[in-house]
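# Just a sequence and a predicted model for now, questions to come.
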Amino acid sequence: MNEELFKFIKYFIRYIILFLTGSILFSQWTSFQISDENKNSESIFRYAGFAAVNDSPIDIINERRVSITGSISTGNSTDGLIPVFHGKMKISWNLSIKGRMASFSSDDGSIQMYGWGLTLKPGSIEDPSKWRILFDSGSLNSHNQLKISSMSTKAVRRAEFKNFPIYYGFGTNILNGISLKTLNNYELHSNFLLFGLSKNVFGIIVSPQILVGGENNYLSISLLNHF
């Protein structure tokens, strides 16, 4: 069997096991529940907008071509967690394409999410920029609650502190959505700061990340590997 294919199968099985374990440990998934009395509806929409486009800031390293990632995320505007599966492929030294998807059920119905994006590194192959530009687009549908489409642009830089990789940057998020409960339309724009870390643990990169945007904060933890 081709060595790269064998690595892909090995890591895919590893992530399936991790996701099954996480599903047991974190059985309360986000429901995005909207109601006429809910005064927090705008924050819930902003959270859905972040969730639909969120991605790890970590780039594919060295000569590796593909990365797979499993993440769990949450925000301060709603209870529960969101499990997401990500894939990324390096097209050239400065360009990668990526996709993400999620499908799960909560007490109030099912949630489906999907999205895609690009990662661009400015500069030249001899003198690449230390910054990367991340563009992401996504959609999220929470049954009988809400539908949104979201776009995000981020600028991210990697640095090291005592050989410990850290990531920081800034970005903007734009979403259009509708409440399936109240039929209200939402057009929202959020700016945010990004901070992240990464650590290799037993061959898997663990990467916590936080987006800070005023009253709306978004936290995610990703497990990823490159091959």
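It's in. Because the structure is a prediction, the values reported are computed rather than measured. Residues are numbered from 1 along each chain as shown.

# from the middle of its chain, how far away would stretch 67-78 be?
6 Å (C-alpha atoms, centre = their mean, to the nearest Å).

# how much space between the closest residue to Glu187 other than its chain neighbours and Ile205?
Leaving aside its chain neighbours, Glu187 sits nearest to Asn176 (5.5 Å; criterion: C-beta to C-beta, 6 or more residues apart in numbering). C-beta here means a position set from N, CA and C on the backbone, and glycine is covered the same way. Distance, Asn176 to Ile205, using C-beta to C-beta, to the nearest Å: 33 Å.

# Those two - which one has more neighbours?
Just comparing Asn176 and Ile205: by other C-beta atoms under 10 Å the higher neighbour count belongs to Ile205, 19 against 15.

# ok, residues contacting the helix or strand harbouring the more buried one?
In this assignment (DSSP states H and E), Ile205 forms part of strand 204-213. The list of residues contacting strand 204-213 from outside it, by C-beta atoms under 8 Å, 6 or more residues apart in numbering, reads 14, 46, 50, 54, 56-58, 167, 171, 173, 190-200, 217-225.

# Filter those residues down to the ones in strands?
167, 171, 173, 190-197, 199-200, 217-225 (DSSP state E).

# for this structure, which spans come out with low pLDDT?
1-28, 35-39, 77, 79, 107-108 (pLDDT under 70).

# can you give me the strands in it?
Under DSSP E, the chain gives strands at 66-75, 82-92, 95-106, 109-120, 131-142, 146-161, 164-179, 185-197, 199-201, 204-213, 216-226.

# Just checking the distance from the fourth one to the centre of its chain.
Centre-to-centre, strand 109-120 and its host chain are 8 Å apart (C-alpha atoms, centre = their mean).

# Start the count at 20 instead of 1 going forward.
All right, first residue 20 from here; so that's strand 128-139.

# wait, which of the strands of the chain is closest to Glu61?
Minimum separation from Glu61 across the strands of the chain (C-beta to C-beta) falls at strand 204-216, 6.8 Å.

# circling back: in JSON lines, list the strands of the chain along with distance to Gln52.
Below are those laid out as JSON lines (distance: least, C-beta to C-beta, whole Å):
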{"stretch": "strand 85-94", "distance to Gln52": "14"}
{"stretch": "strand 101-111", "distance to Gln52": "14"}
{"stretch": "strand 114-125", "distance to Gln52": "8"}
{"stretch": "strand 128-139", "distance to Gln52": "9"}
{"stretch": "strand 150-161", "distance to Gln52": "8"}
{"stretch": "strand 165-180", "distance to Gln52": "9"}
{"stretch": "strand 183-198", "distance to Gln52": "11"}
{"stretch": "strand 204-216", "distance to Gln52": "15"}
{"stretch": "strand 218-220", "distance to Gln52": "35"}
{"stretch": "strand 223-232", "distance to Gln52": "22"}
{"stretch": "strand 235-245", "distance to Gln52": "17"}
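
# So for Ser50, which of the ones you listed sits nearest?
It is, among the strands of the chain and with distance given as C-beta to C-beta, strand 114-125, at 3.9 Å.

# How far away from the center of its chain is that closest one?
With C-alpha atoms, centre = their mean, you get 8 Å for strand 114-125.
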